[in-house]
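Trainee: with the sequence up front, the predicted model follows.
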Amino acid sequence: MRLKGECFCGAVKYLVEDAFVYSANCHCSGCRRATGSPFKAFAGIPREKLAVMTGGSSLLIYGSPENHDAHCSVCGSLLYSLVRDAAWIHVAMGTLVDVPSIRPTHHIFVKSKAAWYEITDDLPQYEEHK
Ligand SMILES: [Zn+2]
Ligand SMILES: [Zn+2]
């Protein structure tokens, strides 16, 4: 099964297989600023399992060809990040339209957490990477 995702304005639409391998909430300052949120819920999957269906030419790539954040250049939404030298994609879960099977299982970069945000669940917390 494939899940739909899209940016705020709808210019960019993607399909991703519902086969995520891991998922977490990242509290690092980069994810906080890229999303404007206390943390970014993301889910990881091999790159070839995500396809941009509409608006590929509208993507704003921030970073290098092999490791970058992909935003909509119209509305600015962070859709996904290409990581591990282009081998994996971290989907920003807030851009999913359909409901994935996976759920975030832990918090990472908690040492960078916003002081005004309190984690209220019982998921494991890691200072940096798991
Ligand atoms: Zn957009
Ligand atoms: Zn992060």
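Mentor: Thanks, I have the structure now. Ligands and ions are numbered 1, 2, ... in the order given.

Trainee: how close does the closest residue in space to residue 44 that isn't next to it in sequence get to residue 41?
Mentor: Once flanking residues are discounted, residue 44 sits nearest to residue 22: 4.8 Å by C-beta to C-beta, 6 or more residues apart in numbering. Every residue, glycine included, has its C-beta placed from N, CA and C. Residue 22 sits 12 Å away from residue 41, going by C-beta to C-beta, to the nearest Å.

Trainee: higher neighbour count, the two?
Mentor: Using other C-beta atoms under 10 Å as the criterion, residue 22 and residue 41 rank with residue 41 on top: 18 against 15.

Trainee: would you quantify the distance from that one to residue 127?
Mentor: 19 Å.

Trainee: equivalent analysis for residue 23, please.
Mentor: 19 Å.

Trainee: okay, the two: which has more neighbours?
Mentor: Set residue 23 next to residue 127 and count neighbours by other C-beta under 10 Å: residue 23 wins out with 20 against 11.

Trainee: wait, the more buried one sits on residue 90?
Mentor: No - look at residue 23 against residue 90 with C-beta atoms under 8 Å: they stay out of range, at 9.3 Å.

Trainee: all the strands of this structure, residue numbers only.
Mentor: All strands of the chain, identified by DSSP state E, fall at 2-6, 13-17, 22-26, 40-46, 50-54, 59-63, 68-72, 78-83, 88-92, 107-108.

Trainee: and the first one, average pLDDT?
Mentor: Averaging the model's pLDDT scores along strand 2-6 yields 98.

Trainee: cool, and the longest one?
Mentor: Across strand 40-46, pLDDT averages out at 98.

Trainee: could I get the pLDDT score of the residue most central in space within the chain?
Mentor: Nearest residue to the geometric centre of the chain (C-alpha atoms, centre = their mean): residue 92, 2.2 Å. pLDDT, residue 92: 98.

Trainee: and if you look at the one 5 residues further on?
Mentor: Residue 97 is assigned 98 on the pLDDT scale.

Trainee: got the residues of this protein near ligand 2?
Mentor: Counting by C-beta under 5 Å from the ion, the chain comes close to ligand 2 at 26, 28, 31.
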